[in-house]
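# Need a 3D model of the following:
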Amino acid sequence: MSAKVISVNVSDKKGVRKKPTEEVVLRIEFGIEGDAHASSQWHRQVSLLAVESINKMRDKGLDVKPGDFAENITTEGIDLVSLPCGTKIEIGDSVVGEVSQIGKVCHNRCAIYYQAGDCVMPKEGIFIKVLRGGKVRKGDAIKVSST
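Numbers count the residues shown, from 1 in each chain. Presented below is the predicted three-dimensional model:
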């Protein structure tokens, strides 16, 4: 199975579930246009989480779906946490990102934790910096880049 985008998700506030949308535009060294986490001031410009991680939470009885863990891009078929920082990934026809962080420290239980009952993002989510921008849509291919 090849890796692909299952959902693209945005929110206008931090710490809340993101809502799926048809497509997003990623800007170089910024992130996703219109998303609360986009900024040229830090390395966590775009977040990715595998649907396989979401399915683990479903298996525990939680009613969760793509975007519920505040990830921007929900993936399928790629072991995100195995990608070391510095790995470049290509998404769709034009976007190139560089893995900038694996997981995150949650100092407090966020709104997502209380809404969903648990959160896999701190353990299984990754973040990328945008090196080459463009559009990303559901169904777009994802591949680890050699560039």
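# ranges for the helices of this structure?
With DSSP state H as the criterion, the chain has helices at 51-59, 111-116, 121-124.
# Compare those and say which comes out lowest on pLDDT.
Among the helices of the chain, helix 111-116 has the lowest mean pLDDT, at a mean of 59.
# give the contact list for the spatially closest residue to residue 28 that is not a sequence neighbour.
With sequence-adjacent residues excluded and distances taken as Cβ to Cβ, 6 or more residues apart in numbering, residue 28 is closest to residue 133, at 4.8 Å. Using the backbone N, CA and C atoms, a C-beta is placed for each residue, glycine as well. Taking Cβ atoms under 8 Å, 6 or more residues apart in numbering, we find residue 133 in contact with 25-28, 30, 94-95.
# Among those, name the buried ones.
Neighbour-count burial within these applies to 26, 30, 95; the criterion is 16 or more other Cβ atoms under 10 Å.
# what's the closest of these to residue 12?
Nearest to residue 12 among the buried ones among the contacts of residue 133: residue 30, at 15.6 Å, using Cβ to Cβ.
# returning to what we had before: got the phi/psi numbers for the residue nearest to residue 28?
When read as degrees, to the nearest 10, the backbone of residue 133 gives phi -90, psi 180.
# Contact partners for residue 23?
By Cβ under 8 Å, 6+ apart, the contact list for residue 23 reads 8, 135-137.
# Buried among these? Make that a PyMOL selection.
Only the buried entries of the contacts of residue 23 go into this PyMOL selection, using 16+ other Cβ under 10 Å:
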select buried, resi 8+135+136
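# how many other residues sit next to residue 76?
With neighbours defined by other Cβ atoms under 10 Å, the count for residue 76 comes to 18.
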